[in-house]
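# Task: produce atomic coordinates for the following.
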Amino acid sequence: MIVRALSEILGTERDVAARGGTWVSRRLLLRDEGMGFSFHDTTIFAGTETRMWYRHHLEAVYCVAGEGELEDLETGAVHPISDGTMYALDGHERHILRARTDLRMICVFNPPLTGREDHDADGAYPLPEPAPTEGVCDASA
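The predicted structure follows:
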């Protein structure tokens, strides 16, 4: 069983800030924990715009605080984001997240992140190397 408090992560290597200064991600679960996904508590800072394209990952995001908008660069659709809104990037969509206020987002990635990833010039995280036990569940346990 894994039990971890956000306060334990603050100021550690799991407390990752974007090089561009638009977000900070507190990485609660990572690939090495063997869950098959990673789990993050992320703040997108007010007044910022972050261009992303998770070409190697699927991501689901649940907003728990703040206001902003999500622009799907594939379709041009713009979606309001606020407390209680979920979105899932099930088609590796290129997108822009704009924060009117600080947005606090709970994010899940598959494949899981290793911990120190930051967006590259395309807005993507690097192609992950497979973990030996990734996605394996021992039903006999």
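# alpha carbons only for contacts and neighbour counts from here, please
OK.
# what bridges to the residue most central in space within the chain?
Against the mean C-alpha coordinate of the chain, by CA atoms, centre = their mean, the closest residue is Cys107 at 4.3 Å. Judged by DSSP bridges, the bridge partners of Cys107 are His40, Val61.
# who are the neighbours in contact with it?
39-42, 59-62 (CA atoms under 8 Å, 6 or more residues apart in numbering).
# Go through those residues and name the one nearest Arg27.
His40 (4.5 Å; CA to CA).
# Before we move on, what's the pLDDT of that closest one?
As predicted, His40 sits at a pLDDT of 96.
# repeat for Ala141
46.
# same question, His56
Residue-level pLDDT assigned to His56 equals 83.
# go on, Arg31?
Predicted confidence (pLDDT) for Arg31: 91.
# Go ahead and confirm it touches Phe37.
Yes. Using CA atoms under 8 Å, Arg31 is in contact with Phe37, at 6.6 Å.
# what sits in contact with each of these two?
111-113.
# low pLDDT regions in the protein?
For the chain, the stretches with pLDDT under 70 are 116-141.
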